[in-house]
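Participant: predicted structure and sequence below. I'll ask about it afterward.
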Amino acid sequence: MDKHNLTVLNEFILTGITDRPELQAPLFALFLIIYMISMVGNLGIIILTKIDSTLQTPMYFFLRYMAVTDLGYSTTEGPKMLVYFFVDENTISYYFCATRLAFFVLFINSELFILSAMSYDHYVAICNLLLYTVIMSQRLCLVLVAILYIYCMFVSLLITIKIFNLSFCGYNVISHFYCDINPLLYLLCSSTREIQLVILILKKKNSHLSLY
């Protein structure tokens, strides 16, 4: 593409969920209720599994971090999405868009790996019941959570840096209500072959992991 068509973007415009004014108030109320239920439920799980001595088992340990992950990506997108119902133009700065994308990818991938850790915990409980407490020690649980967060942080930074190091065209309208990977790829003027290959490899790897 011609270099004259490339430009430095300072912000993006999100199309949002709907452009019909009569639907904005009902949708705001609906999503606010969903977000509040999610907040209360996840915070309740985190607090209960932390303070209740009877819930200090690997199953509830992973459930606590599942709640942390769910709370993370809900908070990454939820509050800003609710604000968009009351503004005329849904704009987001270039760097804030990159930050939100990084956190969203981090938490979404973390959820998959925590589910895999929970599956392993159930497998050990069923197939190696006598050695369960030895295998699923607190140290192993902490190591599994640490590894998955480090790996997901690496994936998140890799994808975000790859996308935002490429050149965007002058068109800055994202056809979504948050900064997602595919809508951002459509705005790029540079070749997206490399980043698409990275995403494809990661998806294949995650799909293989989800089978266990």
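Facilitator: Structure's in. What do you need? These numbers were taken from a predicted model, which means no experiment stands behind them.

Participant: going along the chain, name the strands of this structure.
Facilitator: 11-14, 91-93, 173-174 (DSSP state E).

Participant: could the ones you listed be laid out in CSV, adding distance to Met59, mean pLDDT and mean neighbour count?
Facilitator: All C-beta spots, glycine's among them, are computed from the backbone N, C-alpha and C. Below are the strands of the chain laid out as CSV (distance: least, C-beta to C-beta, whole Å; pLDDT from 0 to 100; neighbours: other C-beta atoms under 10 Å):
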stretch, distance to Met59, mean pLDDT, mean neighbour count
strand 11-14, 39, 85, 18
strand 91-93, 39, 86, 16
strand 173-174, 39, 84, 18
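
Participant: output these as a markdown table; include the columns distance to Asp180.
Facilitator: Shown next, in a markdown table, are the strands of the chain (distance: least, C-beta to C-beta, whole Å):
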| stretch | distance to Asp180 |
| --- | --- |
| strand 11-14 | 10 |
| strand 91-93 | 12 |
| strand 173-174 | 8 |
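
Participant: so Ser167 is in contact with Leu188, correct?
Facilitator: Yes - look at Ser167 against Leu188 with C-beta atoms under 8 Å: they come within range, at 6.8 Å.

Participant: which positions in stretch 105-119 come out as buried?
Facilitator: Buried positions in stretch 105-119, judged by neighbour count with 16 or more other C-beta atoms under 10 Å: 105-114, 116-118.

Participant: thinking again about what came up before, can you tell which of the strands of the chain is closest to Cys141?
Facilitator: strand 91-93 (37.0 Å; C-beta to C-beta).

Participant: what is the closest one packed up against?
Facilitator: strand 11-14 (3 or more C-beta pairs under 8 Å, 6 or more residues apart in numbering; DSSP states H and E).

Participant: identify all contacting residues around the strand it packs on.
Facilitator: 84, 89-94, 97, 172-174, 176-179, 187 (C-beta atoms under 8 Å, 6 or more residues apart in numbering).

Participant: one more time with 6 Å, if that's ok
Facilitator: 90-93, 97, 172-174, 177 (C-beta atoms under 6 Å, 6 or more residues apart in numbering).
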